[in-house]
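K.L.:
give me a model of this one.
(chains A and B)
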Amino acid sequence: MRLSRYFLPLLRDTPKDAEIVSHRLMLRAGMIRQQAAGIYSWLPLGLRVLDKINRVVREEQNRSGAIEILMPTVQSADLWRESGRYEAYGKEMLRIRDRHDREMLYGPTNEEMVTDIFRSYVRSYKDLPLNLYHIQWKFRDEVRPRFGVMRGREFLMKDAYSFDIDQAAARHAYNRMFTAYLRTFARLGLKAIPMRADTGPIGGDLSHEFIVLAATGESEVFCHRDYLDFETPPADTDFDDVAGLRGLVERWTSLYAATSEMHDAAAFGAVPADSRVSARGIEVGHIFYFGTKYSEPMGATVAGPDGQQTPVHMGSYGIGPSRLVAALIEAGHDEAGIIWPDEIAPFDMAVLNLKAGDAATDAACEQLYRALLAKGHDALYDDRDDRPGAKFATADLIGAPWQIIVGPKGLAEGKVELKRRAGGEREQISLEAALARFPEKAA
RNA sequence: CGGAGUGUAGCGCAGUCUGGUAGCGCACUACGUUCGGGACGUAGGGGUCGCAGGUUCAAAUCCUGCCACUCCGACCA
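P.N.:
Numbers count the residues shown, from 1 in each chain, chains lettered A, B, ... in the order given. Model (predicted):
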């Protein structure tokens, strides 16, 4: 992308409403625009990041055996009356009437709807296990939205729903998703620790929140230090290996870890003092097993091996990609701007033309830029006729993992500068050598 | 929903107490000089002062009502 033809509305002054660093940087980098309290437009740079997070989330969901669908944002109240939640959900649910005065709602979650889909088609235990997910906008009319997209009213959520014949099978579905979540957050460069959690209005009796430790986190959390060094399940994990996943989850839940609601001071006190971590955390994922809470009232049953109809055991599993954008910035930034993980960065590298209009510099940049595109990289080419300082500042702010700095001085010696955003390491190398650093990228 | 604030140009702010032609910095436009870590000069453009009433010769400023947004608390992917 040529910056001169892009839409990247950067701000030099920080809007006063932005309190936390991720919100400030998202506004300054032109990623989002607030439209109302807790409601945001996603501008090109922000959308790129969101899409890249979604891609990782999808890959790991698919790997675990979940199947993607897409359900609507607007739902019928009737469906929610079946589960009893239309009354129970309260003012957080945005209720709407259509032109025929039918009661509708903007979905805060999709248990009812996915259960309806399930009961409409699935008749036999032989079709289980089944896990359906979608990535869709949700609306929860929070009393007090804050921290930008960290706690918006409208937010993007990946929500998966598992259907199994009995509790033991559902437990394995839970473990599959648990494992997928560990992988997802690790791929995003985040250390997310699963913590026993309260189940809230979703219901059920088995639930974990995945918490990223961060100074600006909303909740107080307590855990064993060893979790920070636990290894991530590998990509070739066998998601059908019941015993293997059970062992994995047992290990990841063997040590103390709890949010403040579930905190047990005595149990935490039993952890050796130098292993106690008491910190703040950002909830980036939440998984639940809730048995037949929805399948029973809504009649989601299948025929078992004995021919009898039995309600299916369900679980639901949420990740907030829009919140993850903020969490990633909280975890990766410095004074100059955002430092993205390579896989999530909106652009893989920025080519900085330090003297746009200079024939030799322009030619070198063009050559570099086209070659990078041809190799499948998302390259950003800063071809604006602007001062070098402004270009460095822009590149630092938006956080491309690499900067390739091309100017007349370097070119006179046949060199360009390659700079790593994360550590700031720089080296002067030939244009060809710089290009060789970025091999063909798989689509 | 309780408490505290803020609404003046795209962003950050002054002006409001004490009513009298709407300002500053950045950004934007034009020209010139600059150019390896957010330059400088000159000349410009851009505002129903959140909205609606009221008081007054005169309202950004005073009064009343409303709306929006932010922060602290209780609640939450």
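K.L.:
break down the stretch 51-200 of chain A into its helices, ranges please.
P.N.:
A:77-83, A:85-88, A:111-121, A:167-187 (DSSP state H, counting those that start in this stretch).
K.L.:
would CSV of those helices with distance to residue A:310, mean pLDDT and mean neighbour count be doable?
P.N.:
To be clear about C-beta, it is placed using only N, CA and C from the backbone, and glycine gets the same treatment. Compiled in CSV, the helices of the stretch 51-200 of chain A are given as follows (distance: least, C-beta to C-beta, whole Å; pLDDT from 0 to 100; neighbours: other C-beta atoms under 10 Å):
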stretch, distance to residue A:310, mean pLDDT, mean neighbour count
helix A:77-83, 18, 95, 17
helix A:85-88, 22, 89, 15
helix A:111-121, 13, 97, 19
helix A:167-187, 11, 97, 22
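K.L.:
got TSV for those helices, with distance to RNA strand B too?
P.N.:
As requested, the helices of the stretch 51-200 of chain A are exported to TSV (distance: least, C-beta to the nearest atom of the strand, whole Å):
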stretch	distance to RNA strand B
helix A:77-83	17
helix A:85-88	12
helix A:111-121	12
helix A:167-187	11
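K.L.:
so for residue A:101, which of the ones you listed sits nearest?
P.N.:
Among the helices of the stretch 51-200 of chain A, the nearest to residue A:101 by C-beta to C-beta is helix A:77-83 (11.4 Å).
K.L.:
so which elements touch the closest one?
P.N.:
Judged by 3 or more C-beta pairs under 8 Å, 6 or more residues apart in numbering; DSSP states H and E, the packing partners of helix A:77-83 are helix A:85-88, strand A:103-106, helix A:111-121, helix A:295-298.
K.L.:
up against RNA strand B, what does the stretch 151-300 of chain A have?
P.N.:
Applying C-beta under 7 Å from any atom of the strand, we find that the stretch 151-300 of chain A lies next to RNA strand B at A:151-153, A:155, A:157, A:198, A:200-202, A:209, A:218-219, A:283-286.
K.L.:
just the buried members of those?
P.N.:
Among these, the ones that count as buried by 16 or more other C-beta atoms under 10 Å are A:151, A:152, A:153, A:155, A:157, A:202, A:209, A:283, A:284, A:285, A:286.
K.L.:
circling back to that earlier point, what's the closest of the helices and strands packed on helix A:77-83 to residue A:34?
P.N.:
Once these are compared by C-beta to C-beta, strand A:103-106 is nearest, at 18.6 Å.
K.L.:
direction included, what does the closest one pair up with?
P.N.:
strand A:74-76 (antiparallel), strand A:94-97 (antiparallel) (DSSP bridges).
K.L.:
would CSV of those strands with mean neighbour count, distance to residue A:182 and mean pLDDT be doable?
P.N.:
Converted to CSV, the strands paired with strand A:103-106 look like this (neighbours: other C-beta atoms under 10 Å; distance: least, C-beta to C-beta, whole Å; pLDDT from 0 to 100):
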stretch, mean neighbour count, distance to residue A:182, mean pLDDT
strand A:74-76, 17, 31, 95
strand A:94-97, 14, 33, 92
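K.L.:
would a markdown table of the ones you listed with distance to RNA strand B be doable?
P.N.:
Formatted as a markdown table, these follow (distance: least, C-beta to the nearest atom of the strand, whole Å):
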| stretch | distance to RNA strand B |
| --- | --- |
| strand A:74-76 | 17 |
| strand A:94-97 | 13 |
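K.L.:
would you format those strands as TSV with distance to residue A:290 included?
P.N.:
Shown next, in TSV, are those (distance: least, C-beta to C-beta, whole Å):
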stretch	distance to residue A:290
strand A:74-76	19
strand A:94-97	23
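K.L.:
quick check, the residue in the stretch 201-350 of chain A closest to RNA strand B?
P.N.:
residue A:320 (3.1 Å; C-beta to the nearest atom of the strand).
K.L.:
so for the closest residue to that residue other than its chain neighbours, what's the pLDDT?
P.N.:
Nearest non-adjacent residue to residue A:320, counting by C-beta to C-beta, 6 or more residues apart in numbering: residue A:157, 5.4 Å away. Looking at residue A:157, its pLDDT stands at 97.
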